[in-house]
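Peer 1: have a look at this prediction, sequence included:
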Amino acid sequence: MNKKIKQKVLITGGAGFIGSHVVRLFVNKYPNYDIYNLDNLTYAGNLENLTDVESKPNYNFIKLDISDEKEIKKLFERYRFDSVIHLAAESHVDRSINDPLSFVKTNVIGTVVLLNAFKNCWKHNFDNKLFYHVSTDEVYGTLGEEGLFTELTPYDPNSPYSASKASSDHFVRAYGETYNMPYIISNCSNNYGQNQFPEKLIPLFINNIINNKPLPVYGDGNFTRDWLYVKDHAIAIDVAFHKGKIGETYNIGGFNEWKNIDLVKLLCELMDVKLDKEKGSSEKLITFVKDRPGHDLRYAIDASKIKNELGWQPSVIFEEGLDITIDWYLENTEWLEHVTSGLYQSYYKNQYS
């Protein structure tokens, strides 16, 4: 993609955790782009994440469900988006176990609806057009004690969430092969950082420590994840969007493996210092709970392809990123209170009614 060409970029899920960081980056970095943030504002979509850019002249918000075929078609006919960065997704594994159909609707049907609208909008004339699909490392399944996920690792999803994302990846590639639609896919590891909805491990445990609540750790806590700072991820998406090769997949990871229990203990140690608590106080809140079904043992990404071919690599080591993240939540207690109480959902009505 040519950065100098004025274009309309649709970013789906732009009010969510990762999406809001991508929207902010693109709005501020590319004033010649018209950025359209499309989000249905379900439980994890929060426009309070974007108050600093909502008045920018190149920022536009659209509230819409990506699975609404009729309205999505009308939207593309009206705006004729040059590019799509598709982040909108149901993403919490525990929720997918309880309600897999909602994951199929959003992650599979919603993706196909967008692909159809993009294809029909340009009628196979895809010059300077791109459908960028953001996915997860969970599509690859689980690793043993050794090895890394590469772009050639066979898909082997183990949860309804990862199966729905694997399906959406396959549809994107199929549209590329069948209709010659230009696409790029990236698969990322676990993200952490500012504005993450407190159902995920790090913000949940920060909030629980603040409120002196138990810290529920699945199984024995030895499940291993590769952690990626969300702002580094947003930069990687920017790089792949502008420099990536059409039809390629890029794995984006932090080169940063941690066992859950070790991460939680580090978090507890930092929180004790920042809250001026007695050493070891937060760690006493750790409570081991029954493991969830189909829990993958280990994820670890080999991000050498995007590093070697596009020049991206993570800039923040985990200890530094975790420290910054904790400080943000402690300094933004009003945001955290709005999210945990549900008050954040009134922002759209107050701002856009």
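Peer 2: That came through, no problem. Small disclaimer: the values here were computed from a predicted structure and weren't measured.
Peer 1: for the rest of this, base every contact and every neighbour count on C-alpha atoms.
Peer 2: Will do.
Peer 1: for the protein, what spans make up the strands?
Peer 2: In the chain, the strands defined using DSSP state E lie at 8-12, 34-39, 59-63, 83-86, 130-136, 183-188, 190-192, 215-218, 224-229, 249-252, 257-259, 286-289.
Peer 1: pick the most deeply packed of those strands.
Peer 2: Most buried of the strands of the chain, by mean neighbour count (mean count of other C-alpha atoms under 10 Å): strand 249-252, with a mean of 26.
Peer 1: contacts for it, please.
Peer 2: Contacts of strand 249-252 with the rest of the structure, by C-alpha atoms under 8 Å, 6 or more residues apart in numbering, involve 137, 150-151, 184-189, 233, 236, 240, 301-303, 305-306.
Peer 1: parallel or antiparallel, list what pairs with that strand.
Peer 2: strand 183-188 (parallel) (DSSP bridges).
Peer 1: residue boundaries of the helices in the stretch 51-200 of the chain?
Peer 2: 69-79, 93-98, 100-103, 110-122, 160-179 (DSSP state H, counting those that start in this stretch).
Peer 1: pLDDT (mean, whole number) over the third one?
Peer 2: Per-region confidence: helix 100-103 scores 96 on mean pLDDT.
Peer 1: how about it: buried residues?
Peer 2: Buried residues in helix 100-103, counting neighbours by 16 or more other C-alpha atoms under 10 Å, are found at 100, 102-103.
Peer 1: circling back: now distance to Ser96 and mean pLDDT too, for the strands of the chain, in a markdown table please.
Peer 2: As requested, the strands of the chain are exported to a markdown table (distance: least, C-alpha to C-alpha, whole Å; pLDDT from 0 to 100):
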| stretch | distance to Ser96 | mean pLDDT |
| --- | --- | --- |
| strand 8-12 | 20 | 98 |
| strand 34-39 | 20 | 98 |
| strand 59-63 | 23 | 98 |
| strand 83-86 | 20 | 98 |
| strand 130-136 | 15 | 98 |
| strand 183-188 | 19 | 98 |
| strand 190-192 | 17 | 96 |
| strand 215-218 | 17 | 94 |
| strand 224-229 | 19 | 96 |
| strand 249-252 | 23 | 98 |
| strand 257-259 | 23 | 95 |
| strand 286-289 | 19 | 94 |
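Peer 1: closest to Asn125 out of the buried residues of helix 100-103?
Peer 2: Phe103 (31.5 Å; C-alpha to C-alpha).
Peer 1: contact partners for that closest one?
Peer 2: If you count contacts by C-alpha under 8 Å, 6+ apart, then Phe103 has 89-90, 96, 160-161, 164 around it.
Peer 1: check Glu283 too.
Peer 2: Applying C-alpha under 8 Å, 6+ apart to Glu283 gives the contacts 265, 268-269.
Peer 1: would a markdown table of the residues you listed with neighbour count be doable?
Peer 2: Output for those, formatted as a markdown table (neighbours: other C-alpha atoms under 10 Å):
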| residue | neighbour count |
| --- | --- |
| Lys265 | 16 |
| Cys268 | 24 |
| Glu269 | 18 |
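Peer 1: reformat those residues as a markdown table; add distance to Leu130 and pLDDT.
Peer 2: Formatted as a markdown table, the contacts of Glu283 follow (distance: C-alpha to C-alpha, whole Å; pLDDT from 0 to 100):
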| residue | distance to Leu130 | pLDDT |
| --- | --- | --- |
| Lys265 | 43 | 97 |
| Cys268 | 43 | 98 |
| Glu269 | 45 | 97 |
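Peer 1: mind checking which of those residues are in helices?
Peer 2: Secondary structure defined by DSSP state H assigns 265, 268-269 of the contacts of Glu283 to helices.
Peer 1: where does pLDDT dip in the stretch 251-353 of the chain?
Peer 2: 353 (pLDDT under 70).
Peer 1: please enumerate the helices of it.
Peer 2: Remark: helices assigned in the stretch 251-353 of the chain by DSSP H, counting those that start in this stretch are 260-274, 304-310, 318-331, 333-341, 347-352.
Peer 1: among those, show me which one is buried the most.
Peer 2: Greatest burial across these, using mean count of other C-alpha under 10 Å, falls to helix 260-274, with a mean of 18.
Peer 1: which secondary structure elements does it contact?
Peer 2: Counting contacts by 3 or more C-alpha pairs under 8 Å, 6 or more residues apart in numbering; DSSP states H and E, helix 260-274 packs against helix 201-210, helix 318-331.
Peer 1: next one: it to chain centre, how far?
Peer 2: 23 Å (C-alpha atoms, centre = their mean, to the nearest Å).
Peer 1: tilt between it and strand 224-229?
Peer 2: 40 degrees (axes from the mean of the first three to the mean of the last three C-alpha atoms, to 10 degrees).
Peer 1: can you give the contact residues for helix 260-274?
Peer 2: With C-alpha under 8 Å, 6+ apart, helix 260-274 has contacts from 205-206, 209, 217, 220-225, 277-283, 322-323, 326.
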